[in-house]
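Colleague: starting from these lines, generate the structure:
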Amino acid sequence: EGAVVNLAACQVAGIDVVRRPTGGRAGIHDQEMTYCLVAPETHPFIKNGGVLDVYRAISRGLVAAFTTLGISATIAPETGASPKLCPGACFDTPSAYEIQVDGKKVIGSAQLRRNNTVLQHGSILYRLSPDLYCKYLLSQTGKDFAKGKSGLEAKSAGLHDLGYLLDDRTLIRALVAAFSNEIPAVFIMNPGMFSSKGE
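Modeller: Numbers count the residues shown, from 1 in each chain. Next up, the predicted model:
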C-alpha cells in the first residue's frame, strides 16, 4: 500500500519484483531470515482468534526466541501508526504486535486468511539496507533520499546492526525451541520453515 517501486531500476539491477499474497507495504529481501506459518482456521491455535490475536501469539513466540539469545525485545502496541518518513516501506514504522529491539523495528510481518487457511510470514532483519529501500522502492533523490534514509535508520535496524551477530543456525534453533514451548503440541517445527539470505 503506497509503495512506489522503481521497476526500471530493479530490472537493471536484476532485482525480481514479487507481489506477495498478504499485501501490505514493500520490503527488500536482502540480509535477513524469513519465516512462514500456515494453519487451517480450525486449528486450536487459530480457532476463535482474529487477525491481531494470531499476530499477538506469534509475536510472543518471536520474543521468546530472542530472549533465549539474550536479546531484549518488545512487542509494538496496538496504536495508531506514526508518521511515515519513508512511505510504502515495510520497515518504516512498526505495526501492532510487531517486534522491536532497542526501540527499532527488526521484524516485519504480514497475514492472509483465505480458503479457511491462515498464513503469516515475515522478515527478521540481519542488516537494514536503507540505501536500497530509497533507491529501488521509493525512487528518491537528493534531499528526499537523505530524509527517507535517515527516517528508516531512526525507525528500524537489523540484529547485526544492533550488535547481535547471530548466524542462521543459532536463530533457527531459538525459533524452533521458542515456538515449541510457547505453542506446545500445536506446530511441528522444522528448519525448512525458515530461509535466509545472508551476507
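
Colleague: so for this structure, the centremost residue is which one?
Modeller: Computing the C-alpha centroid of the chain and ranking residues by C-alpha atoms, centre = their mean puts residue 108 first, at 2.0 Å.

Colleague: which positions within whatever helix or strand it lives in qualify as buried?
Modeller: Following DSSP states H and E, one finds residue 108 within strand 107-114. Within strand 107-114, the residues that count as buried by 16 or more other C-beta atoms under 10 Å are 107, 108, 109, 110, 111, 112. Where C-beta positions appear, they are placed from N, C-alpha and C, glycine not excepted.

Colleague: residues making contact with it?
Modeller: Counting by C-beta atoms under 8 Å, 6 or more residues apart in numbering, the neighbours of strand 107-114 from elsewhere in the structure are 20-24, 27, 41, 51, 54-55, 58-59, 62, 90-91, 95, 98-99, 118-125.

Colleague: in the chain, where is pLDDT below threshold?
Modeller: 1-4, 23-24, 47-49, 78-97, 138-148, 182-199 (pLDDT under 70).

Colleague: please repeat the previous calculation with a cut-off of 90.
Modeller: For the chain, applying pLDDT under 90 flags the ranges 1-31, 34-61, 74-99, 103, 108-123, 128-156, 176-199.

Colleague: so where do the helices sit in it?
Modeller: Along the chain, the stretches classed as helices by DSSP state H are 7-13, 51-68, 130-132, 142-155, 168-182.

Colleague: one step back: any idea how far the residue nearest to the centre of the chain is from residue 27?
Modeller: Distance, residue 108 to residue 27, by C-beta to C-beta, to the nearest Å: 6 Å.

Colleague: now do residue 38
Modeller: Using C-beta to C-beta, we find residue 38 at a distance of 19 Å from residue 27.

Colleague: neighbour count winner among these two?
Modeller: residue 27 (20 against 13; other C-beta atoms under 10 Å).

Colleague: hang on, the more buried one packs against residue 123?
Modeller: Yes: with the criterion set as C-beta atoms under 8 Å, residue 27 and residue 123 qualify as a contacting pair; they are 5.8 Å apart.

Colleague: and the strand holding residue 108, C-alpha only, in PDB?
Modeller: What follows is the C-alpha trace of strand 107-114 in PDB, where atoms were taken according to Å, rounded to 0.1, in the frame of the first residue of the first chain:
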ATOM      1  CA  ILE A 107      10.800  -7.900  12.200                       C
ATOM      2  CA  GLY A 108       8.100  -7.100   9.600                       C
ATOM      3  CA  SER A 109       5.200  -9.500   9.300                       C
ATOM      4  CA  ALA A 110       2.000  -9.800   7.200                       C
ATOM      5  CA  GLN A 111      -1.000 -12.100   7.400                       C
ATOM      6  CA  LEU A 112      -3.600 -13.600   5.000                       C
ATOM      7  CA  ARG A 113      -6.700 -15.600   5.500                       C
ATOM      8  CA  ARG A 114      -8.100 -17.400   2.500                       C
END
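
Colleague: that concludes my questions; thank you for your assistance.
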